[in-house]
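# sequence unknown, structure follows:
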């Protein structure tokens, strides 16, 4: 992620829908593919982002369906995941469309 885009993202953290990370390199050592950090289908969401220079600490609220044997049904389990990323690990940020 460029420094300019990094600075712009810090002003728009509340509009963040997903964060895409680089995960594959081609033969020349360039990043060619990425994956999302937030699972939008599970209603996961970014709770907090704290920036420290070129590093960001994220708190992501994760939702998962869990089978409850005593009630013979499913319920939603919610937990926070803490993740630290460097600016250069991030390919791009997807914002909520207004």
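Now that the structure is in, tell me what you want to look at. Quick caveat: nothing in here was measured; it's all calculated off a predicted structure.
# now do the SS call for the residue of the chain most remote from its centre.
What lies farthest from the middle of the chain is residue 70; by CA atoms, centre = their mean that is 33.7 Å. Classification of residue 70 using DSSP: H, G, I helix; E, B strand; the rest coil returns coil.
# what values do phi and psi take at it?
Dihedral pair for residue 70: phi -70, psi -30, per degrees, to the nearest 10.
# repeat for the one 4 residues further on
Phi and psi for residue 74, reported as degrees, to the nearest 10, are phi -100, psi 150.
# got the contact list for it?
Residue 74 makes contact with 65, 66, 67, 68 under the criterion CB atoms under 8 Å, 6 or more residues apart in numbering. Where you see a C-beta, it was placed from the backbone N, CA and C, and this is true even at glycine.
# out of those residues, which sit inside strands?
The strands, defined by DSSP state E, take in 65, 66, 67, 68 from the contacts of residue 74.
# show me the two of those that sit farthest apart.
65 and 68 (10.1 Å; CB to CB).
# overlap of the contact sets of those two?
With CB under 8 Å, 6+ apart, residue 65 and residue 68 have common neighbours 74, 75.
# before we move on, back to that, mind putting the ones in strands among the contacts of residue 74 into CSV with neighbour count and distance to residue 81?
Output for the ones in strands among the contacts of residue 74, formatted as CSV (neighbours: other CB atoms under 10 Å; distance: CB to CB, whole Å):
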residue, neighbour count, distance to residue 81
65, 9, 16
66, 8, 16
67, 9, 21
68, 10, 22
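# which phi and psi does residue 8 have?
phi -60, psi -40.
# about what we covered before: what about the residue farthest from the centre of the chain, distance to residue 77?
15 Å (CB to CB, to the nearest Å).
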